[in-house]
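Asks: Okay, predicted coordinates and the sequence, questions at the end:
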Amino acid sequence: MARLKDNRHAETKLWHVAILRIFFGYYFFQDGLGKLTGGFTGPGVLEKWLTTKADAAFDWYKPFLTGVLIPHHQLVAGLITWGMILAGLTLLCGLLTRPAALVGIFMTLNFYLAKGGGSPATTSDQAFMAGLLVVFLARAGRAYGLDGWLARRYPGSPLW
């Protein structure tokens, strides 16, 4: 059972949510390392992928895709790669889990919007966003993570 300090400061004992957090952390960390060592940040790699997805993207997302992401593909590739690595590490350690889950939701949402939805490839994006939302709402870093220690030391922060 969770011992309630007040509505915002529950001491989480949800070990199954910690497993979900660790799964997402491992996935993001491994995928980010794969992008770093696999040439994803190389010249034109992300640009080619985004260009092939541009036709299937949601109509309201296409101007952002073609006007911002594709012209700045090198910067975006680095942000995706390092965002995945850092979000993965923080989720694995249970440190700043809530901001890391929001970063994961944001990245996955952009992948989903670029793909246009409606395909089997976007089903995993939807599942990832839902799972990361559970990690965020349950404050999963408090169970077997460093956020539990931080929450006891600094109880007023919404970050953990």
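Replies: Structure's in. What do you need? As the structure is a prediction and not an experimental result, all values here were calculated from the model.

Asks: quick one: buried residues of stretch 64-81?
Replies: The neighbour-count criterion (16 or more other Cβ atoms under 10 Å) identifies 65, 69-70, 73, 76-77, 80-81 as the buried residues of stretch 64-81. To be clear about C-beta, it is placed using only N, CA and C from the backbone, and glycine gets the same treatment.

Asks: Counting neighbours, what do you get for Ile85?
Replies: The tally of other residues near Ile85 (other Cβ atoms under 10 Å) stands at 18.

Asks: no, scratch that, I was asking about Phe23
Replies: Phe23: 14 surrounding residues under other Cβ under 10 Å.

Asks: swap in Leu36?
Replies: Using other Cβ under 10 Å, Leu36 is surrounded by 15 other residues.

Asks: How many residues are close by Phe128?
Replies: Phe128 is surrounded by 20 other residues when neighbours are defined as other Cβ under 10 Å.

Asks: so what's it up against?
Replies: Listed by Cβ atoms under 8 Å, 6 or more residues apart in numbering, the contact partners of Phe128 are 24, 104, 108.

Asks: circling back: need the buried residues of stretch 64-81 in TSV with secondary structure, can you?
Replies: Converted to TSV, the buried residues of stretch 64-81 look like this (DSSP: H, G, I helix; E, B strand; the rest coil):
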residue	secondary structure
Leu65	helix
Leu69	helix
Ile70	coil
His73	helix
Val76	helix
Ala77	helix
Ile80	helix
Thr81	helix
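
Asks: so which of those comes closest to Gly117?
Replies: Of all these, the one sitting nearest Gly117 is Leu65; the distance, using Cβ to Cβ, is 13.6 Å.
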